[in-house]
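In: pasting the structure only:
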């Protein structure tokens, strides 16, 4: 635009500011008398403070600074605030378990909804799905530790679960992280009121064993002068126990809500009931004392270590040196007969279940040691079996114990219509199991897929030879496995049947099945030369004795009420006694025959070893090492 001023001034052209310079002040026109004065555009003045605040708002400075500030605050809160730390850890630990559970459930759903060309493809798909899901859960449990390891150990010992699950979870019995020595010392001072050095000489800071709930150190007790084993609970367990249990319940609840057929809520209930008992070492010391008392008048090789002192989280007991019961080299070095070890293990646990009615409920090879018997030992053999970890025991009331014994005796008898009726009758009384789920329950008890008469759908299969009873069972053939597998698939799937059995069976019965599985697996691991049904005969003997004791008590009580001249009761008394004696003698005769066969097989191994490598080779061959 053109502006005219008096002649003494020159012409000046003023341009409007470029719209790109939005911070410039527009040119103004100021009117004075007789003249127009124009001003050129001037930049807006900025203060130093305004400039610095603008630079602070630059995203590459502002956001990293905020993140660093928040990180420092969170780190400080994590170290100083217990509620905040618990919240963070709970979120992390829960996300691990929830992720594994959700991915596993989706995997199972996808596997079930797919179609397969043959039963072989179906079985393979299910097996791979079991293995994938088990590995996911295993990794989550190992990352969380603590009671999650304990949950995995429970799963590894459930014989009714698919073998892919039990095999995958089995390493949890050994893969536990130790607590640092400084934390152990702090816990010891808190619980015992004195430092480790004030109570022990030569305390080894490295644990000799680490379990899911505790670890064991060796030291010399100053007060008694004895070498002792000191069992110390992991300090973080008490802190996170309630949180972890809530997480387990929530995770299992989600699975039950979204996939009702895959219900594991019983596992959470079992852990919530049993964990407080296992975490109280005073309770464990009381259990050890009672177990020792129960075997006072029994001829046995069982040995239970003496307890020196106990608090809630620290247990000081006699230190026992020995080997694992399934260590064949250790047995050979100490001239211990592996056949006798397997049989004695079966006697110990059957005594607990069927006679004492109170049994060790956390059996696995890590809780069993074997050592040569000393000169003052009560053992009838040249070895002692040491039972450790007495934190969890279960009792069995008389009715459950006797009905379970009768179920075992019916499985020993040859198949007949009346025997099959008895088997299903006592399965209902013992495990709340109806005829539809009976075959799965029978498999959990016997360790076999089915006896004759268990599966109605394969009765017409004349090519399949199945055992009539547990006495005449032979090693399973592939034809039997395939036939029963097809029958399982036709009955709405083995997996769903297993979950249904787990929901129905009382927890005590499941723990007894763990004992059965332990004795069978150890009999196999020891490579015994007697028949695989040998340990079943021991169980049958204890069942026979338990039933006779119950009948005797009932009949004697009736005689006290009605008098000795009640001939009906007297007749029943002698009839039950005769039935007991004849059955017991038959079992003893069968045991003698099988023991003779086992001795003959061992002798053949000894002769073959002698021919190959002399007396050393003979000894190793007889011990199962060659």
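Out: Yep, that arrived. No experiment lies behind these values; they were computed from the predicted model shown. Numbers count the residues shown, from 1 in each chain.

In: isn't residue 353 up against residue 511?
Out: No - in this structure residue 353 lies outside contact range of residue 511 using Cβ atoms under 8 Å: 9.3 Å. Bear in mind the C-beta positions are built from the backbone N, C-alpha and C, glycine included.

In: which residue is nearest the middle of the protein?
Out: residue 153 (1.6 Å; Cα atoms, centre = their mean).

In: list the contacts for that residue?
Out: Going by Cβ atoms under 8 Å, 6 or more residues apart in numbering, residue 153 touches 169, 172, 173, 212, 364.

In: ok so the second one is a helix residue?
Out: It refers to residue 172. Yes - under DSSP: H, G, I helix; E, B strand; the rest coil, residue 172 sits within a helix.

In: isn't it up against residue 152?
Out: Yes - when contacts are counted by Cβ under 8 Å, residue 172 is listed as touching residue 152 (4.1 Å).

In: what's the separation between the residue nearest to residue 621 when sequence neighbours are not counted and residue 340?
Out: Spatially, and ignoring its direct neighbours in sequence, residue 621 is nearest to residue 609 (2.9 Å; Cβ to Cβ, 6 or more residues apart in numbering). Residue 609 sits 20 Å away from residue 340 when distances are taken as Cβ to Cβ, to the nearest Å.

In: list the residue ranges of the stretch 351-500 of the chain that fall below the pLDDT cut-off.
Out: 448-450, 453-466, 473-499 (pLDDT under 70).

In: residue 172 and residue 152: who's more crowded?
Out: Neighbours were counted for residue 172 and for residue 152 using other Cβ atoms under 10 Å; residue 152 has more, 26 against 21.

In: check contacts around that one.
Out: By Cβ under 8 Å, 6+ apart, residue 152 lies in contact with 137, 138, 141, 169, 172.

In: cool, residue 445 as well?
Out: 407, 408, 411, 513, 516.

In: and what about the last one, helix, strand or coil?
Out: Meaning residue 516. Residue 516 ends up helix, using three-state DSSP.

In: does it touch residue 447 like I think?
Out: Yes - in terms of Cβ under 8 Å, residue 516 counts as a neighbour of residue 447; the distance is 7.3 Å.

In: so the two - more neighbours on which side?
Out: residue 516 (23 against 19).

In: tell me the pLDDT of the more buried one.
Out: Model confidence at residue 516, expressed as pLDDT, equals 88.

In: could you find the closest non-adjacent residue to it?
Out: Distance criterion Cβ to Cβ, 6+ apart; nearest residue to residue 516, sequence neighbours excluded, is residue 445 at 6.6 Å.

In: how about residue 126?
Out: Nearest residue to residue 126, sequence neighbours excluded (Cβ to Cβ, 6+ apart): residue 111, at 6.4 Å.

In: sorry, back to before: which one of residue 609 and residue 340 has more residues nearby?
Out: Set residue 609 next to residue 340 and count neighbours by other Cβ under 10 Å: residue 609 wins out with 21 against 18.

In: and the gap between that one and residue 624?
Out: Residue 609 is 11 Å from residue 624, by Cβ to Cβ.

In: for residue 141, same thing?
Out: 34 Å.

In: hey, what's residue 307 bridged with?
Out: residue 317 (DSSP bridges).

In: what's the burial count for it?
Out: The burial count for residue 307: 20, using other Cβ under 10 Å.

In: check the one 10 residues further on too.
Out: Other residues near residue 317 number 24, with proximity taken as other Cβ under 10 Å.

In: contact partners for it?
Out: Residue 317 touches 228, 229, 231, 285, 288, 305, 306, 307, 308, counting by Cβ under 8 Å, 6+ apart.

In: if you set the cut-off to 6 Å instead, what comes out?
Out: 229, 305, 307 (Cβ atoms under 6 Å, 6 or more residues apart in numbering).

In: the last one is in contact with residue 285, isn't it?
Out: Spelled out, it's residue 307. Yes - taking Cβ atoms under 6 Å as the definition, residue 307 is a contact partner of residue 285 at 4.5 Å.

In: shaky segments in the stretch 151-300 of the chain?
Out: Checking the stretch 151-300 of the chain against pLDDT under 70 turns up 157-160, 173-175, 239-240, 251-252, 254-256, 258-267.

In: tell me where it has helices.
Out: 163-169, 181-192, 196-199, 235-258, 265-278, 281-294 (DSSP state H, counting those that start in this stretch).

In: same check, this time on the stretch 301-450 of the chain
Out: 328-333, 338-350, 398-412, 417-431, 438-446.

In: how does this structure divide up, domain by domain?
Out: 66-172, 281-395, 398-457+469-623 (the TED database).

In: can you put these in CSV and add distance to residue 248?
Out: Below are those laid out as CSV (distance: least, Cβ to Cβ, whole Å):
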stretch, distance to residue 248
domain 66-172, 7
domain 281-395, 17
domain 398-457+469-623, 16
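
In: residue 201 is nearest to which of the ones you listed?
Out: Proximity to residue 201, assessed across the domains of the chain by Cβ to Cβ, is greatest for domain 281-395 (13.2 Å).

In: returning to that earlier point: of all the domains of the chain, which one is nearest residue 257?
Out: Nearest of these (Cβ to Cβ): domain 66-172, 10.6 Å.

In: next one: that closest one to chain centre, how far?
Out: 14 Å (Cα atoms, centre = their mean, to the nearest Å).

In: for that domain, measure first residue to last.
Out: 43 Å (Cα to Cα, to the nearest Å).

In: ok so, going back, residue 184: which of the domains of the chain is closest?
Out: Of the domains of the chain, nearest to residue 184 by Cβ to Cβ is domain 281-395, at 9.5 Å.

In: mind checking pLDDT for residue 532?
Out: Reading off the model, residue 532 has pLDDT 86.

In: please apply the same query to residue 8.
Out: For residue 8, the predicted pLDDT is 43.

In: what about the nearest residue to residue 292 once chain neighbours are set aside, neighbour count?
Out: Nearest residue to residue 292 in three dimensions, chain neighbours excluded: residue 304, at 4.6 Å (Cβ to Cβ, 6+ apart). For residue 304, the count of nearby residues is 21 (other Cβ under 10 Å).

In: just list what the longest helix seen in the chain packs against, helices and strands only.
Out: Identified as the longest helix of the chain according to DSSP state H is helix 567-622. Judged by 3 or more Cβ pairs under 6 Å, 6 or more residues apart in numbering; DSSP states H and E, helix 567-622 is in contact with helix 534-562.

In: recalculate using a threshold of 8 Å.
Out: Judged by 3 or more Cβ pairs under 8 Å, 6 or more residues apart in numbering; DSSP states H and E, helix 567-622 is in contact with helix 338-350, helix 534-562.

In: of the ones you listed, which stretch is the most buried?
Out: Comparing these by mean neighbour count (mean count of other Cβ atoms under 10 Å), helix 338-350 ranks first with a mean of 23.

In: ok, residues contacting it?
Out: Outside helix 338-350, the residues that reach it (Cβ under 8 Å, 6+ apart) are 300-302, 325, 328, 331, 359-360, 363, 368, 370, 381, 383, 385, 387, 515, 518-519, 522-523, 526-530, 534-535, 538-539, 541-542, 595, 598, 602, 623-624.

In: please repeat the previous calculation with a cut-off of 7 Å.
Out: 300-302, 325, 328, 331, 359, 370, 381, 383, 385, 515, 519, 522-523, 526-530, 534-535, 538-539, 542, 598, 623-624 (Cβ atoms under 7 Å, 6 or more residues apart in numbering).
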